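**Q** Fold the following, please.
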Amino acid sequence: SNKRSQQPDAGDELMDVARIQQLFEYNAWANRAVWECVTALDEAQLDLELPNGQQSIRKQCIHLLGVEHWWPHFLATGEVDFIEEVDLPKQSDIRATWDRVENEMRGYIATLTDAELTRRVSPAFWQGEMDVEVWQALMQVANHSTDHRAQILASVRSLGGPTVEQDFLGYLYTLTLGPKSS
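**A** A predicted model of the protein is given here:
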């Protein structure tokens with residue numbers, strides 16, 4: 001068969017629902033931190049063509065959001081649904097969609113079971129060339145988001161905007177601080 005498939009190995013039981021939940025809490029934390037940097041820019045800066053063939057910050061944000069939307073939607077329903085750039089003309093539209101996608105992801109993650117994490121899936125546009133387990137698809141989403149947050153931050157920096165760290169250990173450190181007192 002031409003179909004490529006990663007067979008489970010002895011380490012697969014290490015990825016459980018609790019770890020996926022923590023991974024996506026980190027992902028939401030990092031997304032919000034990056035969004036704060038994006039909001040320091042004005043609408044015109046979001047659409048600037050950037051050097052070295054880098055897409056505009058608006059397009060980068062929409063791409064990140066699109067992947068964070070379509071994968072859990074597909075995993076939950078079996079249907080692929082893409083976010084369209086034309087539907088997000090303003091920074092406020094992107095922000096509202098970002099919040100909605102974060103809530104959708106939390107809702108999907110809340111339905112997971114350890115058994116569900118090992119279900120094999122293959123979006124139709126892969127045309128049967130490959131399948132992955134649900135946990136692998138979710139790891140792809142998280143890694144993809146980290147990659148694109150880094151690109152967005154570099155783009156924001158190139159326009160003189162503020163940046164932040166998005167390290168997982170930084171997230172864990174914020175958890176040890178607890179709620180800030182006034």
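**Q** make it CA atoms for all contacts and neighbour counts henceforth
**A** Noted.
**Q** what's the nearest residue to residue 66 once chain neighbours are set aside in contact with, if anything?
**A** For residue 66, ignoring the flanking residues on the chain, the nearest one in space by Cα to Cα, 6 or more residues apart in numbering is residue 83 at 5.2 Å. Neighbour list for residue 83: 62, 65-66, 69-70 [criterion: Cα atoms under 8 Å, 6 or more residues apart in numbering].
**Q** Out of those, flag the one nearest to residue 26.
**A** Nearest to residue 26 among the contacts of residue 83, counting by Cα to Cα, is residue 65 at 15.5 Å.
**Q** quick one: the closest residue to the closest one other than its chain neighbours from residue 83, how far?
**A** Closest residue in space to residue 65, ignoring its immediate chain neighbours: residue 98 at 6.5 Å, by Cα to Cα, 6+ apart. Distance from residue 98 to residue 83, counting by Cα to Cα, to the nearest Å: 11 Å.
**Q** and if you look at residue 108?
**A** To residue 83, residue 108 is 17 Å away according to Cα to Cα.
**Q** What are the boundaries of the strands in this protein?
**A** Using DSSP state E, the strands assigned to the chain run over residues 4-5, 120-121, 130-133.
**Q** just to revisit the earlier point, what is in contact with residue 98 and residue 83 at once?
**A** Shared contacts of residue 98 and residue 83 (Cα under 8 Å, 6+ apart): residue 65.
**Q** ok, residue 57 - how many residues close by?
**A** By the criterion of other Cα atoms under 10 Å, residue 57 has 24 neighbours.
**Q** Show the contacting residues for it.
**A** Residue 57 makes contacts with 38, 45-48, 152, 155-156, as judged by Cα under 8 Å, 6+ apart.
**Q** which residue packs closest to residue 118, ignoring adjacent ones?
**A** That would be residue 133: by Cα to Cα, 6+ apart, it lies 5.0 Å from residue 118.
**Q** Which pLDDT value goes with the one you found?
**A** Listed pLDDT for residue 133 reads 97.
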